[in-house]
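Peer 1: Okay, structure incoming, though there's no sequence with it:
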Ligand code: ATP
Ligand code: MG
């Protein structure tokens, strides 16, 4: 491949980085992932994590995990811990664990630097007045009456602010830039607000807290971040990001914007996720229906599938919506390679093999994963009475129904070929039992019967079966963009997003399953043993892409 071809396949961020490395602007790169600890991470954050950690790895650089903890009312240590756990689970390691709150003193000192340069002032206008004086994108703003305060007065007032002399909302510190700038963010943006709140790390040390624009770029600079990657909505903030750095004459980190990841059939903002949790519309932040990392983990999504999905979604400069079905197909692909196979019957009906000896049990050997030799094998007990799926028998079956109907042959997975001989119904016409005979010489692995049935059914032996609760999860929302409709997004919740099967029959080997382990229930789907419950509870991870079901309808 020519160099030109190689560079064309790089995304625009990789191109910038390679340029900076080859021009020797940087020897190594340093990126950061800067979550605010005000909620659990979601798949959008995974995108940013894969990008920041991925680039650091690719270019042998470093990546910091920085908690952007400047809003004490909404943040907590619980969130900090969950974020660390999720990043580790995704398979990434950070070089340094940083907190914006560790820079509060430095930020305060830099506030003084700007005041001394005549580039910041304490404004006693109310929030409404400030908003009014801001103007509009087409109309210049007006200067605050406090804008021309002397340096000394500002220094004294700023110190008083810090020392707690003022109530919340009394005054703010603003940068003095340009009230008629076409960029609204340059119209004397706020730097500090007063907030008498206890912070989860700094306690009551501070009662002034920095605004995002003032804290973020400066934190990047303190950590010598070379490439500060953020989502597109911050593009308009970039001139301010640079203004602070230039006027403080500190390390010039570079902000680069990329498009957020949006996913259909879900909501992603932490504010909305919090509402679902607080209103008990879901079972906590790790509800398997949520797009949170912890929810996906509990649902059985492998970390590798999430990483593959983020890579496939790509890095773009324009917003777009990615289909949930792409994520699901990444999950299926990964689980097909890794999930152990097992048999479970979710909607049981009894099948009696009339010519099989009463009281006899055979232990059949079954491969755990046909895609992976290393996965070994297990034993499955077979006997005269089995459970099969109700839908696998039809009284009046169409020709292409390759399952059970009187006179038809099917193979029982890992066991024998059987021939359906009859069935029993109750007075209301409900199917009670199905009868069949087996071909003794058709045992899997040593079949000499010469019979070639088209269908294979899964089953469990009634006397050996264990029972389990199975939770059938579906999409949480009915609409592709649930938060873009005219109604409150809560109205768009799918009423059938969870249905619970209290008594499914599972093969006995699953009694030893580990919490969190994911299985392929053959012919049904992928299921994860719930990590929270001590009982046998299985969460549906994703359905099988079942061409079989479609073709035979
Ligand atoms: P939310 O709006 O969901 O609360 P946020 O952007 O406020 O998200 P932060 O904790 O501030 O959440 O984000 C940490 C990092 O993750 C930021 O760099 C942010 O740009 C990035 N990020 C958040 N959501 C997405 C997304 N959907 N796609 C890509 N990156 C994202
Ligand atoms: Mg945020």
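Peer 2: Thanks, I have the structure now. Bear in mind that the values here come from a model prediction, so they are computed numbers and not experimental data. Ligands and ions are numbered 1, 2, ... in the order given.
Peer 1: What are the phi and psi values at the residue nearest to residue 311 when sequence neighbours are not counted?
Peer 2: Spatial nearest neighbour of residue 311, chain neighbours left out: residue 50 (6.9 Å); criterion: Cβ to Cβ, 6 or more residues apart in numbering. The C-beta positions use only the backbone N, C-alpha and C, and glycine is treated the same way. Its backbone dihedrals place residue 50 at phi -60, psi -40, with angles given as degrees, to the nearest 10.
Peer 1: do the same with residue 527
Peer 2: Dihedral angles (degrees, to the nearest 10) for residue 527: phi -140, psi 130.
Peer 1: For the closest residue to it other than its chain neighbours, which three-state class applies?
Peer 2: On the basis of Cβ to Cβ, 6+ apart, the spatially nearest residue to residue 527 that is not a chain neighbour turns out to be residue 538, at 4.1 Å. At residue 538 the chain is in strand, as set by DSSP: H, G, I helix; E, B strand; the rest coil.
Peer 1: Residue 265 too?
Peer 2: Counting by three-state DSSP, the three-state call for residue 265 is coil.
Peer 1: cool, residue 191 as well?
Peer 2: Each residue gets one of three states, and residue 191 gets strand by three-state DSSP.
Peer 1: Residue 268 now?
Peer 2: Of the three states, residue 268 takes coil under three-state DSSP.
Peer 1: how distant is stretch 332-351 from the center of its chain?
Peer 2: Centroid separation for stretch 332-351 versus its chain: 24 Å, with Cα atoms, centre = their mean, to the nearest Å.
Peer 1: quick one: average pLDDT of that stretch?
Peer 2: Taken as a whole, stretch 332-351 carries a mean pLDDT of 97.
Peer 1: Mind listing what's buried along stretch 79-88?
Peer 2: Using 16 or more other Cβ atoms under 10 Å as the test for burial, stretch 79-88 gives 79, 80, 82, 83, 84, 86, 87.
Peer 1: mind checking how far it is from the chain centre?
Peer 2: Once both centres are worked out by Cα atoms, centre = their mean, stretch 79-88 turns out to sit 12 Å from its chain's centre.
Peer 1: which residue sits closest to residue 506 in space, ignoring its chain neighbours?
Peer 2: With Cβ to Cβ, 6+ apart as the criterion, residue 506 has its nearest non-adjacent residue at 4.4 Å, and that residue is residue 344.
Peer 1: near ligand 1, which residues of the stretch 151-300 of the chain?
Peer 2: Counting by Cβ under 6 Å from any ligand atom, the stretch 151-300 of the chain comes close to ligand 1 at 230, 231, 260, 261, 268, 269, 270.
Peer 1: Compare those and tell me which has the most neighbours.
Peer 2: Neighbour tally across those (other Cβ atoms under 10 Å): the maximum, 27 neighbours, falls on residue 261.
Peer 1: Report how many residues lie close to the closest residue to it other than its chain neighbours.
Peer 2: In space, and not counting its chain neighbours, residue 261 is closest to residue 47: 4.0 Å by Cβ to Cβ, 6+ apart. Other residues within reach of residue 47 by the criterion other Cβ under 10 Å amount to 25.
Peer 1: Am I right that residue 397 is in contact with residue 405?
Peer 2: Yes. Between residue 397 and residue 405 a contact is recorded at 3.6 Å, counting by Cβ atoms under 8 Å.
Peer 1: Apart from its neighbours in sequence, what residue is nearest whatever residue of the stretch 451-553 of the chain ends up closest to ligand 1?
Peer 2: Distances between the stretch 451-553 of the chain and ligand 1 by Cβ to the nearest ligand atom are smallest at residue 483, namely 11.5 Å. Spatially, and ignoring its direct neighbours in sequence, residue 483 is nearest to residue 489 (4.3 Å; Cβ to Cβ, 6+ apart).
Peer 1: Who are the contact partners of that neighbour?
Peer 2: Residue 489 makes contact with 267, 272, 477, 482, 483 under the criterion Cβ atoms under 8 Å, 6 or more residues apart in numbering.
Peer 1: and the residues you listed, which two are the farthest apart?
Peer 2: The distance between the two most remote of the contacts of residue 489 (Cβ to Cβ) is 10.8 Å, for 272 and 477.
Peer 1: Give me the three-state assignment for the residue nearest to residue 261.
Peer 2: When the structure is split into helix, strand and coil by three-state DSSP, residue 47 lands in helix.
Peer 1: quick one: low-confidence parts of the chain?
Peer 2: For the chain, the stretches flagged by pLDDT under 70 are 1-8, 546-553.
Peer 1: Residue 272 and residue 477: which has the busier surroundings?
Peer 2: Relative neighbour count places residue 477 above the other of residue 272 and residue 477, with 22 against 16, counting by other Cβ under 10 Å.
Peer 1: Enumerate every residue touching the more buried one.
Peer 2: Contacts of residue 477 by Cβ under 8 Å, 6+ apart are 265, 266, 267, 489, 492, 493, 494, 497.
Peer 1: do residue 64 as well
Peer 2: For residue 64, counting by Cβ under 8 Å, 6+ apart, the contacting residues are 30, 31, 32, 33, 94, 95, 96, 97, 98, 223, 225.
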